[in-house]
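# Please find the sequence and the predicted model below.
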Amino acid sequence: MLIGSQERTQYPHRRSIASVLLLSQLGQRSGLSLQDCLAGTGLLTQDLLDMKKEVAADQELQLIENLVDHCSDAFVLGMEAGLDYHLTSYGIWGYALISSPTLRSAIDMGLRYLGLTYAFTNIEMREKGSDMVLSLCANNLPEKLQDFLIARDLLAIYTIHRELFITPITVCSVHLTLDSLAAKEQLEQLLNTEVHLSQAENSIRFDRAMLDRPLPQANPVTVQLCEQQCQALLRTRFNSESMAGKVREHLLTMQGRKPSMDQVAQQLQINVRTLRRHLVAENTSWRHLVDDVNSVLAEELLAIESLTIEEVAERVGYSEVSNFTHAFKRWKGVSPSRFRVENSTKP
């Protein structure tokens, strides 16, 4: 089973300043002044005192570049950063995970609203044999920052899992694409697990049996309220002022049809080349947006038990159920029928 987008993660342009504060504190522990940390970000010292403030993703990436420029090992520094990202650092997203009934539902929730976190990497979950694998991909990010961001998000995943259960957890193994003995030694010591270098992917693996273990702070009422707030906040983050937001709105108004990029560009009164350039600048693509809208629509329609799979396929815009099933497997990792069964049994 695979959970997570097959496309690169589209992170919002706006995010909480909490991550910038954590990174600035890391920089100062590493010997940088606060001014050095914030150089080129356009942020002022007093901005860090306003926890309601939002910053641009590029501002955080600039801060990370400042840290990487002043360290000897970006991966090791990223590991230290990841340990600072506690569940409480994520606001309502963190509370949604804490209140989930099981780890499986918490991961599903976390990946659906990944845009509310500070992750820049694309994160996917799959079940492989006795392992539950969380893989991270940073190919869409500046190469200079990839090691730091992989390490940060990997250790943040570990920190989140540990805090969800409020008890020590066992990491089965870690797989890294890089070949760094320093990273291997520190990770093995920190996580008490085997680290494999020069692998095909970056991933952290846990016991698959953990997925259906109940979480100690589960609360069905709280998790429902938290998810509603996550939905509202994510809509705000991916606001309609962005080109991606405008495209989403047009796609949603054309449910059941398959508009071309040229048709949507005409409705937006721009040419296709300009539309494509805007989407690239916003770290997304036409295909990603179409899949994203269709995926969300299909998920909502499958929750309506009176609709057949054929009717859901038609409403999403597929004349052939087989094509819809193939696309849905690419989005969710399972068939529409299996997805409906699995989700209908969830609390």
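Noted; the coordinates are in hand. As the structure is a computational prediction, the values presented were derived from the model and not from experiment.

# make it CA atoms for all contacts and neighbour counts henceforth
OK.

# Which parts of the stretch 51-200 of the chain are strands?
Secondary structure of the stretch 51-200 of the chain (DSSP state E, counting those that start in this stretch): strands at 54-56, 122-128, 131-137, 171-175, 194-196.

# Might you calculate how far the last one sits from the centre of the chain?
Shown here is strand 194-196, whose average C-alpha point lies 24 Å from the average C-alpha point of the whole chain (CA atoms, centre = their mean, to the nearest Å).

# likewise stretch 32-41?
Mean-position distance between stretch 32-41 and its chain equals 27 Å (CA atoms, centre = their mean).

# Stretch 199-216 now?
With CA atoms, centre = their mean as the basis, the mean position of stretch 199-216 lies at 16 Å from the chain mean.

# measure it end to end?
Distance between the boundary residues of stretch 199-216 (CA to CA, to the nearest Å) amounts to 35 Å.

# Tell me the buried residues in it?
Neighbour counts over stretch 199-216 (16 or more other CA atoms under 10 Å) mark 202-208, 210-211, 215 as buried.

# Local confidence estimate at Leu2?
Listed pLDDT for Leu2 reads 36.

# Could you do Tyr118 as well?
pLDDT, read off for Tyr118, is 93.

# what's the neighbour count on it?
Neighbour count of Tyr118, defined by other CA atoms under 10 Å: 23.

# Quick check: phi and psi on it?
phi -110, psi 10 (degrees, to the nearest 10).

# residue contacts, it?
For Tyr118, the contacting residues are 15, 19, by CA atoms under 8 Å, 6 or more residues apart in numbering.

# What's the first helix or strand after the worst-scoring helix or strand of the chain on mean pLDDT?
When each helix and strand of the chain is scored by mean pLDDT, DSSP states H and E, strand 2-3 comes last, with a mean of 37. Following strand 2-3 in sequence order, the next helix or strand is strand 14-16 (DSSP states H and E).

# Give me the residues contacting that following strand.
Strand 14-16 has contacts (CA under 8 Å, 6+ apart) with 51-57, 116-118, 237.

# Turn the residues you listed into CSV, including distance to Ser180.
Shown next, in CSV, are the contacts of strand 14-16 (distance: CA to CA, whole Å):
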residue, distance to Ser180
Met51, 36
Lys52, 39
Lys53, 37
Glu54, 35
Val55, 33
Ala56, 32
Ala57, 28
Leu116, 31
Thr117, 28
Tyr118, 25
Arg237, 36
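
# What's the PyMOL line that selects buried ones from the residues you listed?
In PyMOL, a selection of the buried entries from the contacts of strand 14-16 looks like this (16+ other CA under 10 Å):
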select buried, resi 54+55+57+116+117+118+237
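
# ok, so of the contacts of strand 14-16, who is nearest Ala81?
Nearest to Ala81 among the contacts of strand 14-16, counting by CA to CA, is Tyr118 at 11.8 Å.

# re the thing from before, show me the buried residues of stretch 199-216 that map onto helices.
Judged by DSSP state H, the subset of the buried residues of stretch 199-216 located in helices is empty.
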